[in-house]
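In: Make a model of this:
(2 chains)
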Amino acid sequence: AQSVTQLDSQVPVFEEAPVELRCNYSSSVSVYLFWYVQYPNQGLQLLLKYLSGSTLVKGINGFEAEFNKSQTSFHLRKPSVHISDTAEYFCAVGGNTPLVFGKGTRLSVIA
Amino acid sequence: DTGVSQNPRHKITKRGQNVTFRCDPISEHNRLYWYRQTLGQGPEFLTYFQNEAQLEKSRLLSDRFSAERPKGSFSTLEIQRTEQGDSAMYLCASSPGVAGTDTQYFGPGTRLTVL
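Out: Next up is the predicted model:
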């Protein structure tokens, strides 16, 4: 079975500061990892995904994530956040099986 | 821009009533997914279609739930004899190919409230 743990339910951060949203996964099959963002009253939008190859994945809006197999982690980072990054972020594992999402991390950017 | 659309956006119903939701995927997308999201949780997979074939159903999809995608285009999700525990956001997503690793594009969801 596959599962995802997002270690922080809420992360407040000041504007222009860096941020890391943590994600750990468990999977007994090939690992495909995703980060989605959900803005208020909108559908989920893919930020980035790891399928294979380079462990550092760059996504939209300046986000990146690093796949770490030994630590079973796929943390999301951004060097400088903006007010517009305030949203809910979901890590997911899957691909050949239906996506399994974590509970989400609410990122609040403070001016 | 013709993204994934879902109707209605909100539905309030009384316990025991039947409800039906519609999802229109992005044109020519082969796969269509249904998820359920409750407060404080991530989306949970319910079922998915590849064209008109329903390929997988979650254990979450009780006998009161049924989904169809009759012509491989739009899909409907029906809940019979609704219960208060069915209150949730129902999300639809579509993807272009037949690989599970294809990006899924989500609609805005239908929020169901069962009184």
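In: Let me see the confidence value for B:Asp1.
Out: B:Asp1 carries a pLDDT score of 56 in this model.
In: just B:Val98 next, same as before
Out: 76.
In: Could you do the one 4 residues further on as well?
Out: In this prediction, B:Asp102 carries a pLDDT score of 84.
In: Show me the beta-bridge partners of the nearest residue to it once chain neighbours are set aside.
Out: Counting by CB to CB, 6 or more residues apart in numbering or on different chains, B:Ser95 is the residue found nearest to B:Asp102 once chain neighbours are left out, at 4.0 Å. Any C-beta I mention is one placed from the backbone N, CA and C, and that applies to glycine too. Beta-bridge pairing for B:Ser95 (DSSP bridges): B:Arg31.
In: Any part of stretch A:49-56 near chain B?
Out: Yes - contact of stretch A:49-56 with chain B (CB under 8 Å from any CB of the partner chain) involves A:Lys49, A:Leu51.
In: who touches that stretch?
Out: A:31-35, A:57, A:59, A:64-69, A:74, A:95, B:101, B:103 (CB atoms under 8 Å, 6 or more residues apart in numbering or on different chains).
In: List the buried residues in that stretch.
Out: A:Lys49, A:Tyr50 (16 or more other CB atoms under 10 Å in any protein chain shown).
In: what does chain B have sitting close to chain A?
Out: With the criterion set to CB under 8 Å from any CB, chain B comes near chain A through B:3-4, B:33, B:40-45, B:48, B:56, B:58, B:91, B:93, B:99-101, B:103-109.
In: The same query, at a cut-off of 6 Å, please.
Out: For chain B, the residues found near chain A under the criterion CB under 6 Å from any CB of the partner chain are B:Gln41, B:Gly42, B:Pro43, B:Phe45, B:Gly100, B:Thr101, B:Thr103, B:Phe106, B:Gly107, B:Pro108.
In: Look up phi and psi at B:Trp34.
Out: Here is the backbone geometry of B:Trp34 (degrees, to the nearest 10): phi -120, psi 140.
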